[in-house]
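*Asks:* Dropping a prediction and its sequence here:
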Amino acid sequence: MLHYPITTLPPAKYFFPARQTILEFKNNREAEKESDKKNKVIFGLSLFDLKAINRLDKIFGEPTQDEVYGVTRKNSILISMSEDFDPKNDQAFDLHLRKTGDNKYIAWVGSKQGQKIVDANSDLFIKSKDIRKKYKPSKKYPKNKRAEILANSKGDKIWDKLAEICFGCGICSYVCPMCYCFDTEDIVKIEGITKCEGCRQRSWDSCMTADFAAISSHDFRPELRDRIYNWYHHKFVRMPKEYGFSGCVSCKRCITYCPAKINFRETLDYLEEKYG
Ligand code: SF4
Ligand code: SF4
């Protein structure tokens, strides 16, 4: 069976784990960074999850490559699978497999590593296509009507209604393959308590949580309605503007795991109907 049921945490989080050390220091100097240098094969990715990793590559890669993310990605081989769909030219992978019957596969080769796997297992494949040269990430996001819709809806009662039922728990961000907000923390050596000599760690954060936008003397978004609005605005307005793609790959994890049963698609449908 090639399909996997929706996982709670998406495979994209292999590259952006819940907590990771981004630098270590010893004797007042930066020590060699702890990065995940182990080779990994992420096997059986759905095209949704593959798309999310491709998008995170861009987010963590530009304008400056995030070193920790970059090292883990560089040491990983992505093998995606589908039963019905072929990959598109704007998706990057090492190997994509589609089952055709009799346990044979059509293989789309996306990298040298992918070619090596095909060469070493040629009896498994009925044909392979090398699409490395055709890989073209899309550069332009189609005209985004949602920017106007969301701008016009900022005062709408929908945000108050959502705030009445939302717990502000952040689960929708933690399970989302396209959410990448984080907090950082410096940890100093405490004998018997901390393991590192001194290090900086980053951990997941969510724009839905109460103190996300709080600084020493001010909170930029104390109201939950505004934090909910910001979640939509970032995914569907600011990300398309900045990166050329939205912050959603339609995996539905946020809908499945929201304890308040909030379905963001219904909110977007309501807004599109009213302001579109
Ligand atoms: S998972 Fe649901 S309840 Fe929790 S912050 Fe997100 S929308 Fe609100
Ligand atoms: S459906 Fe929800 S969890 Fe999945 S990518 Fe879109 S916003 Fe994220």
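*Replies:* Done, it's in. Ligands and ions are numbered 1, 2, ... in the order given.
*Asks:* And ligand 1, is stretch 208-228 touching that?
*Replies:* Yes: Stretch 208-228 is in contact with ligand 1 by CB under 6 Å from any ligand atom, via residue 208. Any C-beta I mention is one placed from the backbone N, CA and C, and that applies to glycine too.
*Asks:* tell me the contacts of the nearest residue to residue 110 once chain neighbours are set aside?
*Replies:* Using CB to CB, 6 or more residues apart in numbering and skipping residues adjacent in sequence, the residue nearest residue 110 is residue 93, 4.5 Å away. With contacts taken as CB atoms under 8 Å, 6 or more residues apart in numbering, residue 93 has the following neighbours: 45, 50, 78, 79, 80, 87, 108, 110, 111, 114.
*Asks:* want to throw these into CSV with neighbour count?
*Replies:* As requested, the contacts of residue 93 are arranged in CSV below (neighbours: other CB atoms under 10 Å):
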residue, neighbour count
45, 22
50, 25
78, 25
79, 20
80, 29
87, 22
108, 24
110, 24
111, 17
114, 24
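*Asks:* And the furthest pair within those residues?
*Replies:* By the measure CB to CB, 45 and 111 form the most distant pair in those, at 14.2 Å.
*Asks:* picking up where we left off before, mark which of the contacts of residue 93 are part of helices, please.
*Replies:* Judged by DSSP state H, the contacts of residue 93 include 50, 114 as members of helices.
*Asks:* which one among the contacts of residue 93 gets closest to ligand 2?
*Replies:* For ligand 2, the closest of the contacts of residue 93 turns out to be residue 50, at 12.6 Å, with distances computed as CB to the nearest ligand atom.
*Asks:* Which per-residue confidence value corresponds to that closest one?
*Replies:* According to the predicted model, the pLDDT of residue 50 comes to 94.
*Asks:* Surely it touches residue 80?
*Replies:* Yes: counting by CB atoms under 8 Å, residue 50 touches residue 80, with 4.4 Å between them.
*Asks:* shared neighbours of the two, which are they?
*Replies:* Any residue near both residue 50 and residue 80 by CB under 8 Å, 6+ apart counts here, and that gives 87, 91, 93, 96.
*Asks:* correct me, but the last one touches residue 88?
*Replies:* In this case it means residue 96. No: with contact defined as CB under 8 Å, residue 96 and residue 88 do not form a contacting pair (10.1 Å).
*Asks:* neighbour-wise, which of those two wins?
*Replies:* Each of residue 96 and residue 88 had its neighbours counted (other CB atoms under 10 Å), and the higher figure belongs to residue 96 (26 against 13).
*Asks:* Doesn't the more buried one lie inside a strand?
*Replies:* Yes: under DSSP: H, G, I helix; E, B strand; the rest coil, residue 96 sits within a strand.
*Asks:* so who does it touch?
*Replies:* When contacts are counted by CB under 8 Å, 6+ apart, residue 96 is found next to 50, 79, 80, 81, 82, 86, 87, 107, 108, 110.
*Asks:* at 7 Å instead, please
*Replies:* Under the criterion of CB atoms under 7 Å, 6 or more residues apart in numbering, the contact partners of residue 96 comprise 80, 87, 108, 110.
*Asks:* quick one: the last one and residue 87, what's the gap?
*Replies:* Applying CB to CB, to the nearest Å, the value for residue 110 to residue 87 is 8 Å.
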